[in-house]
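> sequence isn't available, so here's the structure alone:
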């Protein structure tokens, strides 16, 4: 299959995504105000707690088996590799471009974490449904496998974002607070709300030591444990999507349970069908939210052109090229299966724009929200061409 035909095939799913994103952006404008701040928050909660878990759980339960799980072990490992490479390149970028100190964590996060869950769940099924797609087979089977690959990648990405990147973003956000609000206890967050800087509700209880009283190691350990259990990052790690992925894998690999819910003769197939129906709402809802959130990038500020260009180069050139080397090496060492669609999925993980959850953390911390919106706006504009190119090139590479 020639490269021009592959380019046309790869352009279709990207255009579909782009049109829905534009629809979300238009609906968020003041003229329509159908996806304003409150509407986005409510829709995002529905996606986070209902649509997304149903989609991920059903996708994994339908396609995942014990043998398949053993064959796909490199998929989550590849997610970690992309994050490590992106983090290293991000550190180099902040050292070279020297953005404001409080944005270092944001820049590194944007180069390390990709929007794997949302974009892969959109692109892979859309690519399978294209006529004469190069992967062959039945479109429904290809689409189901694509959803399973994306769903299996998501829990690792969530854990990385809400543990490593949350700590990184919070560390640099705290530096900003110390530098600019050293004499104040109240600051204004990016969305206009106030929050107390000096009193962290997740912090350790204060211990008053009069000099004679000693705090035992057990008490200190208990306090540390309670702090961890109450932390926002831990709650996000065990988000509904992560729990749904675990449940979906367990249902898929446990044959008796699988036969109870999945199949034409399954006694509880109506439960699976209802959950699948709810999950199908997730992809268009996610895409509309992405478009609505990009509207904030039109008024974003505080990020220099050199930083934005650096992020674009890393995400659209360096990472996709490094992905070719990683997957070639993994294939040479027989670490991955020869299936072309599986190899394509591993490669495309390196070419996806930054994760939207970074913006969620920035909003929580009250630092870098408008800057992140600007970064995301430019990334999605550039991705129209670069993502189409890499999809076509990767398909040509694996078939």
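That came in fine, so what should we check first? Nothing here was measured: the structure is a model prediction, and the numbers come from that model. Residues are numbered from 1 along each chain as shown.
> elements contacting the lengthiest helix in the chain?
Counting residues, the longest helix found in the chain (DSSP state H) is helix 369-398. Applying 3 or more C-beta pairs under 8 Å, 6 or more residues apart in numbering; DSSP states H and E, one finds that helix 369-398 contacts helix 3-27, helix 104-112, helix 282-294, helix 305-313, helix 319-332, helix 340-348, helix 357-365. Every C-beta, even on glycine, is put in place using the N, C-alpha and C of the backbone.
> what's the helix or strand following the longest one in contact with?
Put plainly, it is helix 3-27. Next along the chain after helix 3-27, taking DSSP states H and E as the criterion, comes helix 37-46. With C-beta atoms under 8 Å, 6 or more residues apart in numbering as the test, helix 37-46 has contacts from 28, 33, 35, 191, 285, 288-289, 292-293.
> now, of the helices and strands packed on helix 369-398, which is deepest in the fold?
helix 104-112 (a mean of 28; mean count of other C-beta atoms under 10 Å).
> what's that helix packed up against?
Right, helix 104-112 is packed against helix 74-97, helix 166-180, helix 305-313, helix 357-365, helix 369-398 by 3+ C-beta pairs under 8 Å, 6+ apart.
> pLDDT averaged over that helix - what is it?
Regarding helix 104-112, the rounded mean pLDDT is 95.
> could you give the average pLDDT over the helix or strand where residue 251 lies?
Using DSSP H and E, residue 251 falls within helix 240-253. Averaging pLDDT along helix 240-253 gives 88.
> just stretch 348-359 next, same as before
89.
> compute the first-to-last residue distance for it.
22 Å (C-alpha to C-alpha, to the nearest Å).
> now it, how far from the centre of its chain.
Relative to its chain's centre, stretch 348-359 lies at 6 Å (C-alpha atoms, centre = their mean, to the nearest Å).
> with stretch 338-357 instead?
12 Å.
> also stretch 55-65?
18 Å.
> so which bits of that stretch are buried?
For stretch 55-65, a neighbour-count test (16 or more other C-beta atoms under 10 Å) marks 55-64 as buried.
> so where is this protein shaky, pLDDT-wise?
Along the chain, the model assigns pLDDT under 70 to residues 1-2, 137, 175-216, 220-222, 224-234, 236, 299-302.
> tell me the angle the longest helix of the chain makes with helix 104-112.
20 degrees (axes from the mean of the first three to the mean of the last three C-alpha atoms, to 10 degrees).
> tell me which two of the buried residues of stretch 55-65 sit farthest apart.
55 and 64 (14.0 Å; C-beta to C-beta).
> what do the two both touch?
Contacts common to residue 55 and residue 64, judged by C-beta under 8 Å, 6+ apart, are absent.
> before we move on, back to that, closest to residue 375 out of the contacts of helix 37-46?
Looking across the contacts of helix 37-46 and measuring by C-beta to C-beta, the closest to residue 375 is residue 293, at 11.8 Å.
> wait, doesn't residue 135 sit right on residue 340?
Yes - between residue 135 and residue 340 a contact is recorded at 5.9 Å, counting by C-beta atoms under 8 Å.
> overlap of the contact sets of these two?
With C-beta under 8 Å, 6+ apart, residue 135 and residue 340 have common neighbours residue 399.
> that'll do, ta.
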